[in-house]
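Asker: Predicted model follows, preceded by the sequence.
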Amino acid sequence: MGYLKYIKEYLCRPYPQLDMLWWKTTFITCGVVCLLFVIFEPFGIDSSLGIYKWIILGGLMLISGICVNLPKWILPFIFGKEYFEEKNWTVGKNIFYYILLLLLIAIGNYLFIFTFFSSRGFTLSAFFTITIDTFLIGIFPVGLMTILTENRNMSRHLKEVASMNESIHKGKRTASSDNSSPAAKIVLPDGLKETFELEADHLLLAEADGNYVKIVYCKDEKVLQRSLRITMKQVEDAFTAYSFIQKCHRAFLVNLYFIEKVKGNSQGYRLVLKGWNEEIPVSRAYNKEIREKVCLP
């Protein structure tokens, strides 16, 4: 039971998503499938077929390109739109996703070849054989690569987080010694007519929320919040002169003065701010910038 509990907990660990555009994924998949069929010549697809070999390869690449994108359309429909959000992505989901891709590509290619280019046609036994073989062959490299990536990222991020937390506890953040403009009142528009004023160093964080931006700030030793009908770009521009106000995610701006602690996992960093209960995610694109501003060289 102890092993099962550990495996369940491990599969639920956060895991970084492969941030790749769909057309790149399609191109790479088609290239790999073509290379494998040219080298190994499975299903009797060899040079004796002449020009038909390349027609079949073209069809296989097209089928593979479709299959590799199917889960991105189907899974959100079944499990909800947030299925592929990185905050919900785990080790188990990553293994399941890539095994599903392999199965879809194998099944799609099998159906294509034996429907149009085989005298034997479709057989249930062959269908189950290729499905089981693909799963058994794919589970080991997919699982191993996922585990190695998770362990490597976790180790690196925990080491970096320890260094940042040491700097925070010693009060040696670069934000405290920056050459930003003196803190002054910032005027933010709220819709067409209203405005909202606050001092730059009183801002705790700003979070994009649909057509609004949630402003969390300190006033009279209390943490308050207000939603403004404004874009995140407008908020960023308003605080450009203050280097201690840092973007850490496409949906978040944070005040570096309020960072109390940094946590880490294989996905990256998460910021704990004074007076705020929710952890703030840090996108991989901002990891280096956050690390450099939190830690002195």
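Answerer: Perfect, thanks for sending it.

Asker: which ones are touching the closest residue to residue 273 other than its chain neighbours?
Answerer: Leaving aside its sequence neighbours, residue 273 sits nearest to residue 258 (C-beta to C-beta, 6 or more residues apart in numbering; 4.6 Å). Yep, even glycine has a C-beta here, placed from its N, CA and C like the rest. Residues counted as contacts of residue 258 (C-beta atoms under 8 Å, 6 or more residues apart in numbering) are 204, 205, 273, 274, 275, 276.

Asker: how far away is residue 258 from residue 21?
Answerer: 35 Å (C-beta to C-beta, to the nearest Å).

Asker: pretty sure residue 138 contacts residue 96?
Answerer: No: applying C-beta atoms under 8 Å as the test, residue 138 and residue 96 come out as separate, 11.4 Å apart.

Asker: Please tell me how far residue 255 sits from residue 131.
Answerer: Residue 255 is 53 Å from residue 131, by C-beta to C-beta.

Asker: out of the two, which sits in the more crowded spot?
Answerer: Taking other C-beta atoms under 10 Å, residue 255 and residue 131 do not tie; residue 255 has more neighbours (24 against 14).

Asker: Which strand residues bridge the residue nearest to the more buried one when sequence neighbours are not counted?
Answerer: Take residue 255 and drop its neighbours on the chain: the residue closest to it by C-beta to C-beta, 6+ apart is residue 203, 5.2 Å away. Note on residue 203: beta-bridge partners residue 217, judged by DSSP bridges.

Asker: can you count the residues close to residue 203?
Answerer: Residue 203 has 26 nearby residues by other C-beta under 10 Å.

Asker: same check, this time on residue 250
Answerer: Residue 250, neighbours per other C-beta under 10 Å, totals 11.

Asker: do you know how far it is from residue 150?
Answerer: Taken as C-beta to C-beta, the span from residue 250 to residue 150 is 24 Å.

Asker: Please apply the same query to residue 286.
Answerer: In terms of C-beta to C-beta, residue 286 sits 21 Å off from residue 150.

Asker: picking that back up, tell me the contacts of the residue nearest to residue 255?
Answerer: Contacts of residue 203 (C-beta under 8 Å, 6+ apart): 186, 215, 216, 217, 239, 245, 253, 255.

Asker: let's see it at 7 Å
Answerer: With contact taken as C-beta atoms under 7 Å, 6 or more residues apart in numbering, residue 203 is in contact with 217, 245, 255.

Asker: Contact partners for the first one?
Answerer: By C-beta under 7 Å, 6+ apart, the contact set of residue 217 is 198, 202, 203, 204, 224.
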